[in-house]
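Trainee: Okay, here's the prediction I keep looking at, along with the sequence it came from:
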Amino acid sequence: MSQEWAPAAREVAATLLDLVQTRLDLAATEIELSRLRLAQRGLCLLAGLFFAGLGLVFAAALLVLVSSESNRPLVLALLSGICLAAAAALAWRWHRLSAHTAPMLQATLEELRKDRDGLIASIWP
């Protein structure tokens, strides 16, 4: 009787190994895509921050230079307030974006759940 089950057991084991290999390939692909997206976002963020900071410095210098001597402290105070308000708004936005990010390997975990449910359903109909 054990001879009758051996080919079937080998076939089931091979199928399960193929299933695990496919899921691991999917996980590796998701990790690679996440890494590339993160690197791309990081580079864009750094470049954007650099040029925005440079632009703000030149704009502030221009405003201070064109304002009259008596208004320069007021202009500097307003520019500082605007920059601090913008920094606070961006920090709040960054926090919201970080809080609503999908968990890593979400598609892989969902496929593994489907596989598990399918195997359970096929064993115990």
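Mentor: Looks like it came in fine.
Trainee: from here on, contacts and neighbour counts on C-alpha atoms
Mentor: Will do.
Trainee: what's the pLDDT at residue 83?
Mentor: pLDDT recorded at residue 83 is 85.
Trainee: do the same with the one 5 residues further on
Mentor: Residue-level confidence at residue 88 comes out at 92, pLDDT.
Trainee: Which neighbouring elements make contact with the lowest-mean-pLDDT helix or strand in the chain?
Mentor: Sorting the helices and strands of the chain by mean pLDDT, DSSP states H and E puts helix 106-123 at the bottom, at a mean of 76. Secondary-structure packing of helix 106-123 (3 or more C-alpha pairs under 8 Å, 6 or more residues apart in numbering; DSSP states H and E): helix 2-66.
Trainee: Next, the buried residues of the helix or strand just after the helix it packs on.
Mentor: Where DSSP states H and E defines the elements, the next helix or strand beyond helix 2-66 is helix 72-99. Within helix 72-99, the residues scored as buried using 16 or more other C-alpha atoms under 10 Å are 75, 79.
Trainee: For helix 72-99, name the packing helices and strands.
Mentor: Counting contacts by 3+ C-alpha pairs under 8 Å, 6+ apart, helix 72-99 packs against helix 2-66.
Trainee: who does the helix it packs on touch, helix- and strand-wise?
Mentor: helix 72-99, helix 106-123.
Trainee: Any regions of the chain where pLDDT drops low?
Mentor: 1-3, 6, 102, 104, 123-125 (pLDDT under 70).
Trainee: cutoff 80 now
Mentor: Within the chain, the ranges that satisfy pLDDT under 80 run 1-14, 17, 98-109, 111-112, 115-125.
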